[in-house]
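Undergrad: take this sequence and fold it.
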Amino acid sequence: MNHPFVAEESREAARRLLAECDSDEKRLETATLRVLGRRPLEGERAIAGSLLAESSGENREEAWTTILHGLFASLDFRYLE
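TA: Residues are numbered from 1 along each chain as shown. Purely as a prediction, here's the structure:
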């Protein structure tokens with residue numbers, strides 16, 4: 001999950017979310033539906049909210065890149081039940 005390809009895909013997905021959605025809540029909802037096929041859990045909302053609260057301006061894209069990278073690295077993404 002540390003391959004440059006995953007990092008670049010995370011960044012591109014973050015850019016798309018920032019362009020498509022008008023709020024962080026909608027972005028998180030859209031990201032988890034696209035990546036995991038479900039709505040975000042309360043814990044995921046809390047973690048994303050905490051990360052986003054610390055970012056602003058140009059750091060916003062970086063925060064969303066980190067969130068997407070985390071979703072791609074999650075067990076829910078990597079394994080089927």
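Undergrad: now do the SS call for Leu17.
TA: Per DSSP: H, G, I helix; E, B strand; the rest coil, the secondary structure class of Leu17 is helix.
Undergrad: tell me the helices and strands packed up against the helix or strand encompassing Leu68.
TA: Element membership for Leu68 (DSSP states H and E) is helix 59-73. Taking 3 or more Cβ pairs under 8 Å, 6 or more residues apart in numbering; DSSP states H and E as the contact definition, the neighbouring helices and strands of helix 59-73 are helix 4-20, helix 24-36, helix 42-53. No exception for glycine: its C-beta is placed from N, CA and C like everyone else's.
Undergrad: what mean pLDDT does the second one have?
TA: When pLDDT is averaged along helix 24-36, the result is 97.
Undergrad: check which residues of that helix are buried.
TA: Taking 16 or more other Cβ atoms under 10 Å as the neighbour-count basis, helix 24-36 is seen to contain the buried residues 24, 27-28, 30-32, 35-36.
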